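Engineer: any chance you can model this:
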Amino acid sequence: MEHLSRAGRKRLRKYLKKVSRAMKRKGADKEEIEAVVESLKEQVLEIVGQPEEKAGKDVIEEILGNFDAPEAFGEQVALTVSPNRDPTAWVGQFSARASIGGVFIALFIGLIAHASGGQGKDIGGVFFLICEAMALITGIMKFKTKPGKIGTYISALLLLFFIIAVNANK
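Structural biologist: From the prediction side, this is the model:
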């Protein structure tokens with residue numbers, strides 16, 4: 001990158017960082033991101049060649065104008081599922097999110113029921129049980145993944161506390 005000015009290097013790094021983020025958001029693995037970023041950098045340097053004076057930001061802008069938008073690289077990742085990527089990974093993530101979200105749903109619905117005069121105040125508990133049961137089941141399904149373990153443990157503990165609290169009130 002010795003053929004680029006400081007502003008040119010900065011602009012190229014900014015573009016490559018956006019490409020990297022877009023690909024990461026869509027689930028690309030580290031090696032795939034590095035390969036694409038390195039390929040793009042090589043293409044830009046090849047186009048720049050060995051100019052008599054360092055290529056500035058405007059030259060890099062012109063070159064990058066012919067490239068796809070960074071988001072397009074992320075969309076390509078989303079369309080191609082690599083053989084080592086698990087298409088059901090969202091199940092474990094759902095488990096972790098639902099186990100925590102169940103508490104907030106119960107509180108929110110309980111507050112709404114209380115504000116409306118107390119009719120159906122136990123409905124928050126029903127929604128809590130539904131969320132936690134779903135979190136527990138999906139967590140068990142994906143227990144080998146980190147989010148699956150987190151969702152399983154949190155929902156199991158919350159359900160245990162719920163059962164203890166219900167029995168203590170009897």
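
Engineer: tell me if I'm right that Val44 and Leu12 touch.
Structural biologist: Yes. With contact defined as C-beta atoms under 8 Å, Val44 reaches Leu12; the gap is 5.9 Å. Using the backbone N, CA and C atoms, a C-beta is placed for each residue, glycine as well.

Engineer: where do the contact lists of these two overlap?
Structural biologist: Shared contacts of Val44 and Leu12 (C-beta atoms under 8 Å, 6 or more residues apart in numbering): 60, 64.

Engineer: I'd like the average pLDDT over the helix or strand hosting Leu160.
Structural biologist: Using DSSP states H and E, Leu160 falls within helix 146-168. Across helix 146-168, pLDDT averages out at 90.

Engineer: look up the closest residue to the residue most central in space within the chain, ignoring the ones flanking it.
Structural biologist: Taking C-alpha atoms, centre = their mean, the centroid of the chain lies closest to Arg25, which sits 5.5 Å from it. The shortest distance from Arg25 to any non-neighbouring residue, by C-beta to C-beta, 6 or more residues apart in numbering, is to Gly74 (5.8 Å).

Engineer: separation between that neighbour and Gly92?
Structural biologist: For Gly74, the distance to Gly92 equals 22 Å [C-beta to C-beta, to the nearest Å].

Engineer: what's near enough to touch Ala98?
Structural biologist: 131-132, 134-135, 138, 151, 155.

Engineer: reformat these as a markdown table; add neighbour count, secondary structure and distance to Asp68.
Structural biologist: Below are the contacts of Ala98 laid out as a markdown table (neighbours: other C-beta atoms under 10 Å; DSSP: H, G, I helix; E, B strand; the rest coil; distance: C-beta to C-beta, whole Å):
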| residue | neighbour count | secondary structure | distance to Asp68 |
| --- | --- | --- | --- |
| Cys131 | 22 | helix | 40 |
| Glu132 | 25 | helix | 43 |
| Met134 | 17 | helix | 39 |
| Ala135 | 28 | helix | 39 |
| Thr138 | 26 | helix | 36 |
| Gly151 | 32 | helix | 36 |
| Ser155 | 26 | helix | 42 |
